[in-house]
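Next one to model:
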Amino acid sequence: MKPRILIVEDEEKLRRVIELHLLASGFEVDQAGSAEEGLLLADRVQLVITDLRLPGMDGLDLLAQIHRQNAQVPVVVMTAFGTVENAVEAMKSGAVDFLLKPFSLNHLTAVVNKALEVRALRDENRQLREELGHRYQFSNIVGRSPAMQEIFSAITRVAPTRATVLLAGESGVGKDLIARAIHFHSPRAERPFVKINCTAIPENLMESELFGYEKGAFTGAATSKPGKFEQADTGTVFLDEIGDVPASVQVKLLRVLQEREFERLGSNKTRHIDVRVIAATNADLRAALEQGTFRQDLYYRLNVVPINLPPLRERKEDIPFLADHFMKKHSRELRGKEARLTDAAVEKLMSYHWPGNVRELENVIERSLVLGSGEFLDAAEIKLDTNPQPRAASSGAPVLPDGMTLDQLEQEIIRDALERSHGNKSQAARLLGITRNALRYRLSQMGLENPAE
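Model (predicted):
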């Protein structure tokens, strides 16, 4: 569609000249002789060109009214009384450009094209932000269990505030997703979201990465560089794995949380910032407090609003919905059409203990889609990672996988043996090192075979 432009000008001859030129340039044009008349047409155009001096409501008032109706419509103002003060006032009020009468038609064309480009960039930016925000809406953070509903409720309450949040939970439970949901449901949604993985930054570089440095602060510092906190000013900083921050940096983090100020490395100039801090950890910070590796005052500053994310094994009622979500996501990417899980496949997923939590579930679904075939994935095509985890012999770690009982482990081993033998009980019994009758007995205990068969 051709862009539609509204001309608001009380001088009829000039209005007609501009209209004819814009029509010849390929635009559609509406025109009005007063601000009141133009205001009725402003909601249907992509650009407004208005005189500053108009009968009744003037151009600046019209500009303000248009932006109250639709802030996305760019406005170009024109006047024969062009002064620096008029230009500054118009631009401060939201005008995208300023035309001083008399102006050439070529100059008018250049200003119109530039204003429409600005409009297109704003629309694209808004669309991208809306898509990004939609990704982290609660409808896309899958969870119907009571535990997840409590977390959604906590996000709703804490997001509008600037309170510091501490997310705790095992690796793979979705701390990053929750942190972004808090940011994108907050008044800072349009501002930067800067994630800092504290584990990935070497200890000797962490201070300069977080707070920046000045030229000459150390060997190789050829120019000054702002840190992550400066990049996130007016937005949100997400400190992932906060428990790995060294003691020397913990002091500076405490100051940022308390005073909202810091100095770059190699500088005495105090810088003030406005950031909201969300921290995450998969370790027990209280144990670190007892060991003296984490500052108590910093812990209490971070722990203003604690949110504990449960592991997947503690909310197994969410597994079918999560699996369905990942099936739709990856089957479209990998196969171009949606695939589904059979009831047996879902039951197999439900019986697994998921030490890697939601991240592992997504990986299993993707792996099974790559290796499987057909519209439906059955239990045999669900490729779980059942390899034992390595551990030191004298570490004192439990014999069983975390969150799994002895019966569950035995059943998992039996199911794996049956899969490898394609349901042949005699072959499965040989793999397990037991007799066929012993296997049948265990299957009957699992409810999978009648012992009188």
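
Flag the shaky bits of the stretch 101-250 of the chain, pLDDT-wise.
Residues of the stretch 101-250 of the chain meeting the criterion pLDDT under 70: 132-137, 139.

90 instead?
For the stretch 101-250 of the chain, applying pLDDT under 90 flags the ranges 101-103, 118-147, 149, 189-190, 199-205, 207, 214-225, 243-244, 246-248.

what's the nearest residue to T342 once chain neighbours are set aside in contact with, if anything?
Spatial nearest neighbour of T342, excluding adjacent residues (Cβ to Cβ, 6 or more residues apart in numbering): D378 at 4.8 Å. The way it works is simple: take the backbone N, C-alpha and C, and place the C-beta from them, glycine included. For D378, the contact set (Cβ atoms under 8 Å, 6 or more residues apart in numbering) comprises T342, A344, A345.

For D378, grab phi and psi.
Phi and psi for D378, reported as degrees, to the nearest 10, are phi -90, psi 180.

do E214 as well
Per-residue torsions, E214: phi -100, psi 160 (degrees, to the nearest 10).

Could you do the one 3 residues further on as well?
In terms of degrees, to the nearest 10, the main-chain angles of A217 are phi -70, psi -30.

Kindly report the same for S93.
Backbone torsions of S93, given as degrees, to the nearest 10, read phi -80, psi -10.

try the one 3 residues further on
The phi/psi pair for V96 (degrees, to the nearest 10) reads phi -90, psi -20.

Tell me the confidence at it?
Here the pLDDT value assigned to V96 is 88.

can you tell me which residues contact the closest residue to it other than its chain neighbours?
Computed as Cβ to Cβ, 6+ apart, the closest residue to V96 that is not its neighbour in sequence is P74, at 4.3 Å. Contact analysis of P74 by Cβ under 8 Å, 6+ apart lists Q46, L47, V48, V96, A115, L116, V118, R119.

And the third one, how close does it get to E190?
If I follow you right, that is V48. 24 Å (Cβ to Cβ, to the nearest Å).

Check Q291 too.
Applying Cβ to Cβ to Q291 and E190 gives a distance of 41 Å.

and these two? which has more neighbours close in?
E190 (13 against 8; other Cβ atoms under 10 Å).

Kindly list the main-chain dihedrals of that one?
Per degrees, to the nearest 10, the backbone of E190 is at phi -80, psi 0.

from here on, count from 59
Sure, I'll start counting at 59 from here, so that last one is E248.

What sits closest to it if chain neighbours are left out?
Nearest non-adjacent residue to E248, counting by Cβ to Cβ, 6+ apart: R187, 6.7 Å away.

domains of this protein?
The record's domain parsing of the chain by automatic domain parsing lists 62-189, 201-368.

Same list (these) but as a markdown table, adding distance to S479.
Shown next, in a markdown table, are those (distance: least, Cβ to Cβ, whole Å):
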| stretch | distance to S479 |
| --- | --- |
| domain 62-189 | 48 |
| domain 201-368 | 31 |
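
right, and these - which one's nearest L442?
domain 201-368 (14.9 Å; Cβ to Cβ).

For that closest one, measure first residue to last.
11 Å (Cα to Cα, to the nearest Å).

quick revisit: how about the domains of the chain, which one is nearest A381?
Distance to A381, taken as Cβ to Cβ, is lowest for domain 201-368 among those, at 12.8 Å.

distance between that closest one and the chain's centre?
Relative to its chain's centre, domain 201-368 lies at 16 Å (Cα atoms, centre = their mean, to the nearest Å).

where along the stretch 109-258 of the chain do the helices fall?
Taking DSSP state H, counting those that start in this stretch, the helices of the stretch 109-258 of the chain run over residues 117-127, 142-150, 163-193, 204-216, 233-242.

my bad, the stretch 309-458 of the chain
With DSSP H, counting those that start in this stretch as the criterion, the stretch 309-458 of the chain has helices at 343-349, 354-360, 377-393, 401-409, 415-429.

Mind checking these for the one nearest to L323?
Closest among the helices of the stretch 309-458 of the chain, once you apply Cβ to Cβ, is helix 354-360, at 19.7 Å.

ok, and what's touching the closest one?
222, 224, 300, 308, 311-312, 315-316, 335, 337, 343-344, 347.

re the thing from before, to F384, which of the domains of the chain lies closest?
domain 201-368 (12.6 Å).

Quickly note the distance from the residue nearest to V154 to E147.
P132 is 17 Å from E147, by Cβ to Cβ.

Check F251 too.
Distance of F251 to E147, computed by Cβ to Cβ: 34 Å.
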